[in-house]
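Engineer: return atomic coordinates for the entry below.
(2 chains)
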Protein chains: 2
Amino acid sequence: MSSIPRPAEPAHPEDSALPPISIQDVRRAAERIAPYAHRTPLLTSATMDALSGARLFFKCENLQRVGAFKFRGAANAVFSLDEATARRGVATHSSGNHAQALALAARLRGIAATIVMPEDAPKVKVQAVRGYGARIVFSGSAPLDRERMLDDVLRETGAEFVHPSDDPRVIAGQGTCALEILQEQPDLDLVITPVGGGGLLGGTAIAVRGASRARVIGAEPAAADDAWRSFTTGRLHPAGSPKTIADGLRTSLGRNTFPLVRGLVSDIVTTSEEAIVSAMRLVWERMKVVIEPSAAVPLAAILEGKLDVRGSRAALIFSGGNVDLDLLPWLRT
Amino acid sequence: MSSIPRPAEPAHPEDSALPPISIQDVRRAAERIAPYAHRTPLLTSATMDALSGARLFFKCENLQRVGAFKFRGAANAVFSLDEATARRGVATHSSGNHAQALALAARLRGIAATIVMPEDAPKVKVQAVRGYGARIVFSGSAPLDRERMLDDVLRETGAEFVHPSDDPRVIAGQGTCALEILQEQPDLDLVITPVGGGGLLGGTAIAVRGASRARVIGAEPAAADDAWRSFTTGRLHPAGSPKTIADGLRTSLGRNTFPLVRGLVSDIVTTSEEAIVSAMRLVWERMKVVIEPSAAVPLAAILEGKLDVRGSRAALIFSGGNVDLDLLPWLRT
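Structural biologist: Residues are numbered from 1 along each chain as shown, chains lettered A, B, ... in the order given. Model prediction:
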């Protein structure tokens, strides 16, 4: 059960200064990306309702373009650039869904994208990014190597950096998902998202707090509980190199997402690796949608008893569906 | 490419007598099942459009209750019974999705369901049917054993028999799926469904031919091409015991579905086992939905070049998503 009290006062006053993103930015982002993004379905499941004792709504961002909500933020960033800036292209560092998202968004606008990826990134991800026409620059796998390489790219190309989670345009874009949820189900008690870098959680919090009475909760692997620690202590904790199957959630909150999460989110809950795999499999089996481990984290927290939703109406965001079908976690020996 | 001419004249005049099902029956079925069935999403995919050269719409009946379109027909049959008949319960023979569908529909109406299943039916399917509260009676696996056992059940209980595909109430119920497709996309050239017993194809044909200018096409595994043979020769061919991974399509057309298919369907195309597995995997990977092999057959026919859809607007029905996640066809050794 959820029992982490939200600190009444931020430990550091500067932490509570929200970055300048409002629900108006989220609404503008929704208009901006509407021609490009899928409006994804909001599913219900009698099985999940019975297991949770709640009325659950699942927003299927695994069915979003590039298979993840990340397309929303990347598209908002790319399509809000002025012409002169856009002409110099965009760049980022990512080996995950943001890499594909930025590559596709750039292709749709007809501008260049450069993605810095660690040289040990899975081949399938490298190919996917290349498939969208982006240039890939390989770096060492340490964060410092990656950032140095990105700096070189930015200097060389003049490209606009679009951070995977901490860019305000990205945060506003991720919030558009919650707007769609609320259009279909205005009367919710809770909205629960996975939390890694905090772009989805922060954007969701802006949209939900600005447009409804629902509370917003983040769910995180216990093995990568830096957001929980940051939220609870009021100091930004780095992620380190957490070992979790939820590969989308290994990053930490940032300068912009941390104050949003602190200021607008009601709670952060954590869940075990076993619960994540078992929730993921249950969703494939009973709901017939392919979700990646990160996307299973909110449901895992509920089914593991880390978050009591009984009697409530709660929306969960299935954040992505990019998995290697040859390496399913329940088949690993 | 599709090149099978539709015979101009049925070989046997009595074959062309359509069973008494009209689009009005389908519309009434839609109203009847609306409180119970999911309205499933119609997805698009830039990848599938690029691969096919068409604009494709995928109706996700894998996200229907019990994970298959079969719930529509079973619910229509169960909820159209008068009180006295309903009180005696319903019965069927099925080891597939119809078994679960009828069990759930009966539970929702609060009446008894008896399902005759072969004693070698997969445990997981037996458990699922039991989970919906139905009584299971085991029979030998030969069709004759099964029918004898069902006769015993019907005599003993007075239950109403609901055939998995050839019952007119079931056919009308399956047609409701196409009505939803046409509500979202009225301007289609083609609607393509898998064909086994012909309940989905027949019901779809009634709905589509009655409400649009689109043509209807059935897709079938080449290894179980009895519907293609029946369609082409004008004589009802039994399925025998076909060896195909598409386990939902091993049955043959029936007395009611055959004339519907002959009269209203424009073509039946067949596709290989390899193409079915590869289309199934592609859908999981790129569209992030879990479909069973039978559901992949229409897309397989397109991607294998057995059906030319280039330049057209075509809807495909993902008929179901019930698979054993421990036994994925691309992981079998």
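Engineer: buried stuff in stretch A:314-328?
Structural biologist: A:A314, A:A315, A:L316, A:I317, A:F318, A:S319, A:G320, A:G321, A:N322, A:V323, A:L328 (16 or more other Cβ atoms under 10 Å in any protein chain shown). Bear in mind the C-beta positions are built from the backbone N, C-alpha and C, glycine included.
Engineer: chain B contacts on the stretch 1-150 of chain A?
Structural biologist: A:H38, A:P41, A:L43, A:T44, A:A46, A:C60, A:N62, A:L63, A:R65, A:G67 (Cβ under 8 Å from any Cβ of the partner chain).
Engineer: is it true that the fifth one touches B:Q64?
Structural biologist: No. Using Cβ atoms under 8 Å, A:A46 makes no contact with B:Q64, being 11.7 Å away.
Engineer: more neighbours, the two?
Structural biologist: A side-by-side neighbour count of A:A46 and B:Q64, using other Cβ atoms under 10 Å in any protein chain shown, places B:Q64 first with 25 against 12.
Engineer: I'd say that one and B:P41 touch.
Structural biologist: No. Contact status for B:Q64 versus B:P41: not in contact, 10.6 Å apart, counting by Cβ under 8 Å.
Engineer: picking that back up, which one of the buried residues of stretch A:314-328 is nearest chain B?
Structural biologist: Taking Cβ to the nearest Cβ as the measure, chain B lies nearest A:G321 of the buried residues of stretch A:314-328, at 3.4 Å.
Engineer: gap between the nearest residue to that closest one once chain neighbours are set aside and B:D82?
Structural biologist: Once flanking residues are discounted, A:G321 sits nearest to A:N62: 3.0 Å by Cβ to Cβ, 6 or more residues apart in numbering or on different chains. The spacing between A:N62 and B:D82, counted by Cβ to Cβ, to the nearest Å, is 44 Å.
Engineer: same thing with A:V309?
Structural biologist: For A:V309, the distance to B:D82 - Cβ to Cβ - is 41 Å.
Engineer: try A:A211
Structural biologist: Distance from A:A211 to B:D82, counting by Cβ to Cβ: 48 Å.
Engineer: who's more crowded, the two?
Structural biologist: A:A211 (18 against 8).
Engineer: return the per-residue confidence for the closest residue to the more buried one other than its chain neighbours.
Structural biologist: Spatial nearest neighbour of A:A211, chain neighbours left out: A:L182 (5.5 Å); criterion: Cβ to Cβ, 6+ apart. At A:L182, the predicted lDDT confidence score is 98.
Engineer: any regions of chain A where pLDDT drops low?
Structural biologist: A:1-19, A:333 (pLDDT under 70).
Engineer: let's see that with 50 instead.
Structural biologist: In the predicted model of chain A, residues A:1-16 satisfy pLDDT under 50.
Engineer: show me where it has helices.
Structural biologist: A:23-33, A:46-52, A:70-79, A:83-87, A:97-109, A:123-131, A:143-157, A:168-184, A:199-211, A:226-233, A:257-264, A:273-282, A:297-303 (DSSP state H).
Engineer: could I get those in CSV, plus columns for distance to B:R332?
Structural biologist: Converted to CSV, those look like this (distance: least, Cβ to Cβ, whole Å):
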stretch, distance to B:R332
helix A:23-33, 41
helix A:46-52, 27
helix A:70-79, 33
helix A:83-87, 48
helix A:97-109, 29
helix A:123-131, 21
helix A:143-157, 39
helix A:168-184, 37
helix A:199-211, 37
helix A:226-233, 40
helix A:257-264, 44
helix A:273-282, 19
helix A:297-303, 29
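Engineer: centre of the chain to stretch A:163-180, how far?
Structural biologist: When distances are taken as Cα atoms, centre = their mean, to the nearest Å, stretch A:163-180 is centred 8 Å away from the chain's centroid.
Engineer: do stretch A:218-234 as well
Structural biologist: Stretch A:218-234 sits 15 Å away from the centroid of its parent chain (Cα atoms, centre = their mean).
Engineer: and for stretch A:255-262?
Structural biologist: Centre-to-centre, stretch A:255-262 and its host chain are 14 Å apart (Cα atoms, centre = their mean).
Engineer: what residues of that stretch count as buried?
Structural biologist: A:N256, A:T257, A:F258, A:P259, A:L260, A:V261, A:R262.
Engineer: burial of the closest residue to chain B within the stretch 51-200 of chain A, as a residue count?
Structural biologist: In the stretch 51-200 of chain A, the residue that lies nearest chain B is A:N62 (4.4 Å; Cβ to the nearest Cβ). Number of residues near A:N62 (other Cβ under 10 Å) recorded here: 26.
Engineer: check contacts around it.
Structural biologist: For A:N62, the contacting residues are A:A68, A:V289, A:V290, A:I291, A:E292, A:A295, A:F318, A:S319, A:G320, A:G321, B:K288, by Cβ atoms under 8 Å, 6 or more residues apart in numbering or on different chains.
Engineer: ok, the third one - contacts?
Structural biologist: Think A:V290. Residues counted as contacts of A:V290 (Cβ under 8 Å, 6+ apart) are A:N62, A:W284, A:G321, A:V323, B:W284, B:K288, B:V289, B:V290.
Engineer: of those, which pair is most distant in space?
Structural biologist: Distance extremes for these: the farthest pair is A:V323 and B:V289 at 12.9 Å, using Cβ to Cβ.
Engineer: residue of the stretch 151-300 of chain A with the smallest distance to chain B?
Structural biologist: As assessed by Cβ to the nearest Cβ, chain B sits closest to A:K288 within the stretch 151-300 of chain A, at 3.4 Å.
Engineer: surely that residue meets B:A295?
Structural biologist: No. Contact criterion Cβ under 8 Å: A:K288 and B:A295 do not qualify, at 9.8 Å.
Engineer: what is in contact with those two at once?
Structural biologist: Listed as contacting both A:K288 and B:A295 by Cβ under 8 Å, 6+ apart are B:N62, B:G321.
Engineer: neighbour count: the two, which is higher?
Structural biologist: Using other Cβ under 10 Å as the criterion, A:K288 and B:A295 rank with B:A295 on top: 36 against 26.
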